[in-house]
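# Structure of the sequence below:
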Amino acid sequence: MAKPALVVLLSILVSACVHDPIVPENLTPDPPQAELPDELPTYVELIGRYNENAGALDRLWARTKVELRWRDERGRARRESGDGRLIFERPLNTAWTVEVLGDIKLWAGSDVRGFWLFDRLGDGVAYYGAYGRPLSQPLPLPVQPEAVPYLIGLVPVDPTRTPPPPAVEAIDGYLVVEPPGLNLRLTLDPVTARPVRIDLTDGLGQSVLTSVLTGELSVAATPDDRVDPVTTAVLPKKAELYPQGDESRMTVTLVRASGDDQNIRRKWFDFDLLRTSLKPDEVVNLN
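Below is the predicted model of the structure:
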């Protein structure tokens, strides 16, 4: 069986010992500067404010820095880093790369039909899974590509589907909601309603992956003659991803980003065209 792609990527890079914890004991963001209001907003009000930012961009093209931290088989803490791209186009088109010295090592992506990963390391394997069908094995990544836009607050939430009370909770100075049907827990700033932490949850509501968001990066949408003024989204500068039960961390830092579609190519969201271009030695059907 092929090794998980991230494990292979980590093993081929030069390792460096680190001393600070890979996974902090507390993943709760620092307390916000503003105090919570005496009366909490309703779920509809809060999600409406969240959606103003989350729905401002129809597409995103970003250059990224990627840092991977893990503990090896001898218990030693390791750290590696590389460059990449993060590309998103509504509703489900994504492309997410990890590159070493300009050479693409991993290419993960999705469209409206399914999701995939091209592992261009030693094994040269591509993985493909279709939505709505059982998976015989998971994608060898901590998160499926179509979930990444959710984890940085790029996807609006349906305000008409309200959770049972208490729909809005105050925890550690933040506002916390769990939109129905999304397996997400959003920890929102009380002033901006932008996320500072997003958890992917299982069927029991337990966190399976935590994304801690810090910093700010303003990105303007593509100018459109029918839209005036041009909208702007404020994205997190950094997302730190922590899978539960695994002493590892992936940090994705947005270096520069644009909402313009001039850098986006339709072929980046087509598995068959990518397979022709990237030429994997084997294709594994995850279903």
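# Residue ranges in the stretch 1-150 of the chain under the pLDDT threshold?
The stretch 1-150 of the chain contains residues with pLDDT under 70 at 1-19, 122.
# repeat that for 80
Along the stretch 1-150 of the chain, segments meeting pLDDT under 80 span 1-20, 34, 72-73, 79-80, 101-102, 121-123.
# would you list every one of the helices in it?
Taking DSSP state H, counting those that start in this stretch to define them, one finds helices in the stretch 1-150 of the chain at 5-12, 43-54, 148-151.
# how far does the second one sit from the chain's center?
The reference is to helix 43-54. 19 Å (C-alpha atoms, centre = their mean, to the nearest Å).
# buried set for that helix?
43, 46-47, 49-51, 53-54 (16 or more other C-beta atoms under 10 Å). To be clear about C-beta, it is placed using only N, CA and C from the backbone, and glycine gets the same treatment.
# what's the neighbour count on the spatially closest residue to Pro37 that is not a sequence neighbour?
In this structure, Pro37 finds its nearest non-sequential neighbour in Pro190, 7.1 Å apart by C-beta to C-beta, 6 or more residues apart in numbering. Neighbours of Pro190 under the rule other C-beta atoms under 10 Å: 18.
# Please state the backbone phi and psi of Pro190?
Pro190 has phi and psi values of phi -70, psi -20 when expressed as degrees, to the nearest 10.
# How confident is the prediction for it, by pLDDT?
Pro190 is assigned a predicted lDDT (pLDDT) of 94.
# check contacts around it.
Residues in contact with Pro190 (C-beta atoms under 8 Å, 6 or more residues apart in numbering) are 32, 34-37, 173-175.
# okay but Glu80 is in contact with Val98, surely?
No - with contact defined as C-beta atoms under 8 Å, Glu80 does not reach Val98; the gap is 9.9 Å.
# These two: which is more packed in?
Counted by other C-beta under 10 Å, Glu80 and Val98 do not tie: Val98 has more neighbours, with 24 against 19.
# which residues pair with the spatially closest residue to that one that is not a sequence neighbour across the strands?
Spatial nearest neighbour of Val98, excluding adjacent residues (C-beta to C-beta, 6+ apart): Leu106 at 4.3 Å. The partner list for Leu106 in beta bridges (DSSP bridges) reads Val98, Asp119.
# what's the neighbour count on Leu106?
As a burial measure, Leu106 scores 23 neighbours (other C-beta under 10 Å).
# Do I have it right that it meets Trp116?
No - using C-beta under 8 Å as the test, Leu106 is too far from Trp116 to be in contact (11.0 Å).
# For Leu241, see how far away the closest residue to Thr251 other than its chain neighbours is.
In space, and not counting its chain neighbours, Thr251 is closest to Glu67: 4.3 Å by C-beta to C-beta, 6+ apart. Look at Glu67 and Leu241: by C-beta to C-beta, to the nearest Å, they are 11 Å apart.
# next one: Ser110
For Ser110, the distance to Leu241 equals 17 Å [C-beta to C-beta].
# Name the residue in these two with the higher neighbour count.
Shown here are Ser110 and Leu241; by other C-beta under 10 Å, Ser110 has more neighbours (25 against 19).
# Give the full set of residues in contact with the closest residue to that one other than its chain neighbours.
Nearest residue to Ser110, sequence neighbours excluded (C-beta to C-beta, 6+ apart): Glu146, at 4.0 Å. By C-beta under 8 Å, 6+ apart, the contact set of Glu146 is 92, 94, 110, 115.
# and if you look at Ser136?
Going by C-beta under 8 Å, 6+ apart, Ser136 touches 286-287.
# now Ala193
With contact set as C-beta under 8 Å, 6+ apart, Ala193 has these partners: 46, 49-50, 52-53, 175.
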